[in-house]
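Asks: Pasting the sequence and the predicted model now:
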Amino acid sequence: MTVRTRYAPSPTGALHIGNVRSGLFAYLFARHKRGQFILRIDDTDQERSTQESLDEILESLRWLGVDWDEGPPDRRYFQSSRFERYREGARQLLREGKAYPCYCTVAELEAMRQAAQREHRKPGYDGRCRNRTAPADLPQVALPDKSAGRDYTIRFRSPRVGETVVDDLIKGRAVFDNAELDDLIIFRSDGVPTYNFATVLDDADFGMTHVVRGDDHLPNTPRQMQIFYALGLQPPAYAHLPMVMGPDGAKLSKRHGATSVFAYRDLGYFPEALLNYLVRLGWSHGDQEIFSRDEMIEFFDFANCGKSAGIFNADKLLWLNFHYLKERPLERLAAEVKPFIAKRGWPIPGDEAWLQRMIATLRERAKTLVELVDFAHFYLVDPITLDPKAAAKFLRAEIIEPLTALTDELEALDGEFNEAAVQPAFERVLAKFGIKLGQLAQPVRVALTGGTVSPGIYEVIAVLGKARTLARLRQAIAAAR
RNA sequence: GGUCCCAUCGUCUAGUGGUCAGGACACCGGCCUCUCACGUCGGGAACGCGGGUUCGACUCCCGCUGGGAUCACCA
């Protein structure tokens, strides 16, 4: 049987990295098995679903390169277009006496919960409407519709005895006592189906063979399985992935800072790095740390998934990003860096070759595209501003003469203005004044970059070019006076 | 509180009865060096506790402790 997995985000906010990791694992499993990966949009909650969130989810997945075989823009993969199907499913259950109307109000339900809590009983629904409607009348019960005065909900009649066994591909066997499962609402009084019900119908209709999701859904699983059984359907196989936690050990959420895919994209991270980080959080292949997409697909297996929650480690993600930054072709980097330069409001160099040379000097000093661009400030913008502390320390009166001599030497250079030509000029000045390279390089560095940290001084000079180098040296000499 | 899940360095993890418990990130130190990085070499750092099973437990079983998830007319 062809494996079919799905990722079913709800368009009620940004695409969160803990959440997208579940999607990634579902994707990898499907690809590994040469099956199909389906993207479905769980938008039954019309109140909270937005077009912006949907757009962000779709664009995030495309950016990550997680492609789907079926899904948007096909409307059939939106729950909002399947309401008639859910109604049909609910009618079937009603007809067969496996669901019933519940007339309890929200206030009553709340009181019920509080009383249960007070008396240390389980807080679930007590089933008081279970037998309120005569079995013979159940098939005639109309679905809720507030505006038509049918202000009640439909509940699933969950079995009270026996147990439900979840043979999870990652967690192993989990047994739930059916007595613990209360009768959950499958249709709200506003006529909208609830998640647990819609999901079951979708997973069944779309032929899902494996449901891969976060283990926060594990408690839902026996309920969903019972709905499958009631509908006369076979539940899929389940694989519940451990959660991703924040540094404080609680489920990762917005309050942990940058958590959306877009946030990392905008911070200058590469999709390869994010994917690589996410896949190694909860899954392993021996000691291997770096995985290409093809390798992830080739090696992925639930057997190598861990069972325990993992804490999101921003440092390791940064290290991975650095790894991909170092090995990225300069040509590609040059293209990718431009939007970040634009975002800073700095001019984008027109000379592609020059841009690449510039990046080459910076790439081992930055871990993200944002860092790289910030570091490139002195290359991109004229005039530079000298850091006062650096200038006070290195642009002192005694360096004026050597700096002037260097300026003259550099100005006298003909031909290629490159590292090989610049170095001898430095050496002549060093010899003339009897000073060490460090004593000259730092003042020059401050003069050319405004600060004390930069790529090798010869590289900087070569990339800056003769005119800008001389201008900045003269400006610095003037400042030293 | 009920139910369910989980438990190897600070973090991610390898390990499937016999290993000096391995790797990675981070951290510390040496080397390289014009600064900062990169690179490189080296270092500290873990099997939560208690019972079993076994000739032998990080590995298997039970209990405890600890952490997490979930208990909506959200998904």
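Replies: Done, it's in.
Asks: So which bits of the helix or strand encompassing A:E110 are buried?
Replies: A:E110 belongs to helix A:106-118 when elements are defined using DSSP states H and E. Neighbour counts over helix A:106-118 (16 or more other C-beta atoms under 10 Å) mark A:M112 as buried. Quick note: C-beta positions are derived from backbone N, CA and C, even for glycine.
Asks: Does RNA strand B have contacts with that helix?
Replies: Yes - Helix A:106-118 is in contact with RNA strand B by C-beta under 7 Å from any atom of the strand, via A:V106, A:L109, A:R113.
Asks: List the backbone torsions phi and psi for A:L241.
Replies: Dihedral pair for A:L241: phi -80, psi 140, per degrees, to the nearest 10.
Asks: what about it, neighbour count?
Replies: A:L241 has 29 neighbouring residues, counting by other C-beta atoms under 10 Å.
Asks: quick one: it from A:A26, how far?
Replies: Computed as C-beta to C-beta, to the nearest Å, the A:L241 to A:A26 distance reads 9 Å.
Asks: repeat for A:P159
Replies: 29 Å.
Asks: after the lowest-mean-pLDDT helix or strand in chain A comes which helix or strand?
Replies: Ranked by mean pLDDT, DSSP states H and E, the helix or strand of chain A with the weakest confidence is helix A:106-118, at a mean of 87. Per DSSP H and E, helix A:106-118 leads on to strand A:153-156 as the next helix or strand towards the C-terminus.
Asks: Would you map the strands across the stretch 151-300 of chain A?
Replies: A:153-156, A:163-168, A:172-177, A:185-187, A:210-214, A:237-241, A:244-245 (DSSP state E, counting those that start in this stretch).
Asks: any idea whether the residue of chain A most remote from its centre is helix, strand or coil?
Replies: No residue in chain A sits farther from the centre than A:K432, which is 57.3 Å out by C-alpha atoms, centre = their mean. Secondary structure, DSSP: H, G, I helix; E, B strand; the rest coil: A:K432 is helix.
Asks: likewise the one 3 residues further on?
Replies: Judged by three-state DSSP, the three-state class of A:I435 is coil.
Asks: tell me the pLDDT at the residue lying closest to it once chain neighbours are set aside?
Replies: Leaving aside its sequence neighbours, A:I435 sits nearest to A:P402 (C-beta to C-beta, 6 or more residues apart in numbering; 6.6 Å). On pLDDT, A:P402 comes in at 96.
Asks: how many neighbours does A:P402 have?
Replies: A:P402, neighbours per other C-beta under 10 Å, totals 19.
Asks: domains in chain A, as residue ranges please.
Replies: A:82-241, A:254-328, A:329-374, A:382-480 (automatic domain parsing).
Asks: Can I get those domains in CSV including distance to A:A8?
Replies: Rendered in CSV, the data for these read as follows (distance: least, C-beta to C-beta, whole Å):
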stretch, distance to A:A8
domain A:82-241, 7
domain A:254-328, 16
domain A:329-374, 31
domain A:382-480, 47
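Asks: Nearest approach to A:R6 belongs to which of those domains?
Replies: Closest approach to A:R6 among those (C-beta to C-beta): domain A:82-241, 5.6 Å.
Asks: how far is the closest one from where the chain is centred?
Replies: How far domain A:82-241 lies from its chain's middle: 31 Å, per C-alpha atoms, centre = their mean, to the nearest Å.
Asks: Which residue is it, in the stretch 301-450 of chain A, that comes closest to RNA strand B?
Replies: The stretch 301-450 of chain A approaches RNA strand B most closely through A:S308 (2.9 Å), counting by C-beta to the nearest atom of the strand.
Asks: Any stretches of the stretch 201-350 of chain A with poor pLDDT?
Replies: Judged against pLDDT under 70, the stretch 201-350 of chain A has no low-scoring part.
Asks: need the residues of it near RNA strand B, please.
Replies: So far as C-beta under 7 Å from any atom of the strand goes, the stretch 201-350 of chain A lies against RNA strand B at A:215-220, A:242-243, A:245, A:249-251, A:280-284, A:286-287, A:289, A:304, A:306-311, A:313, A:315-316, A:318-319, A:326.
Asks: Among those residues, the buried ones, what's the ChimeraX command?
Replies: In ChimeraX, this line selects whichever of those come out buried by 16+ other C-beta under 10 Å:
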select /A:215,217,218,242,243,245,280,281,282,283,309,310,318
